[in-house]
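1. dropping the sequence and predicted coords here.
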Amino acid sequence: MEPVIILGSRVKGLIVLLCGIVMTLLGCYLISLGHWWGWVAILFFSLGIVATVLILLPSVTALKINSEGFEVKIGFRKWSLSWAEVESFSVVTISNNKMVSIALSPKCKKWRVVRKTAFVIGGAEASIANVFEMKPSELSSLLNQYKQKFAP
C-alpha cells in the first residue's frame, strides 16, 4: 500500500467560515441596538474567522498515512501515532458529530491521564475530527486496513 495524504475538506471549512461571518455581522447589529455584548460576539467570532482562514490554507489540514503510522495536522498543531500504539479504529458520535475513534494500545505511553478522561466524556480515548475529505466510516476502514497490513 502506498502512503496516502488526505487533505482537509474545503466545503466544511467554508461552512464554518460563513457561520463565523454571519455571527460577526449579528454582533454588529446588536451593537447598533445598543447591546454591549455585541462586542463580545464580534471579538469571539472574528477570532474564529481568522482561525478558519488559516486552516483553509493549502496543506495546513492533512492526514498522512504510511507504513509506520499516521500523522494528523489540523491548523498548526500536529500529532502522530505508530501502528503499534493503536488497537483499532471505529466511528463514534460525540455531540451529533461523527468522528474516527482511536482505541489505543496498552503499549501507548502518550496521553495516559488525558485519554482516560476523554473516554469517560466522549467514549473515545483519542479521535480524529471530521474535517477531512473522507467520511469517518471510510477513513476508519482505511486506517484499519493500514494497521492490519503494517502493525508489528
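-> That came through fine. Numbers count the residues shown, from 1 in each chain.

2. what sits up against the longest helix along the chain?
-> The single longest helix within the chain, with elements called by DSSP state H, is helix 10-32. Contacts made with helix 10-32 from outside it, assessed by C-beta atoms under 8 Å, 6 or more residues apart in numbering, are listed as 37-42, 45-46, 48-49, 52-53, 55-56, 61, 130-131. The C-beta positions use only the backbone N, C-alpha and C, and glycine is treated the same way.

3. I'd like to know which elements the host helix or strand of Ser141 is packed against.
-> With the criterion set as DSSP states H and E, the secondary-structure element containing Ser141 is helix 136-150. In terms of contact count using 3 or more C-beta pairs under 8 Å, 6 or more residues apart in numbering; DSSP states H and E, helix 136-150 is assigned the packing partners strand 62-65, strand 86-94, strand 97-104.

4. return the distance of that helix from the chain's centre.
-> Between the mean C-alpha point of helix 136-150 and the mean C-alpha point of its chain there is a distance of 17 Å (C-alpha atoms, centre = their mean, to the nearest Å).

5. pLDDT of that helix, averaged?
-> The predicted model gives helix 136-150 an average pLDDT of 96.

6. buried ones in it, by neighbour count?
-> Residues 136, 139-140, 142-143, 146-147, 150 are the ones in helix 136-150 that count as buried (16 or more other C-beta atoms under 10 Å).

7. with distance to Glu125 as added columns, please give those in a markdown table.
-> Formatted as a markdown table, those follow (distance: C-beta to C-beta, whole Å):
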| residue | distance to Glu125 |
| --- | --- |
| Pro136 | 16 |
| Leu139 | 17 |
| Ser140 | 14 |
| Leu142 | 20 |
| Leu143 | 15 |
| Tyr146 | 19 |
| Lys147 | 15 |
| Phe150 | 21 |
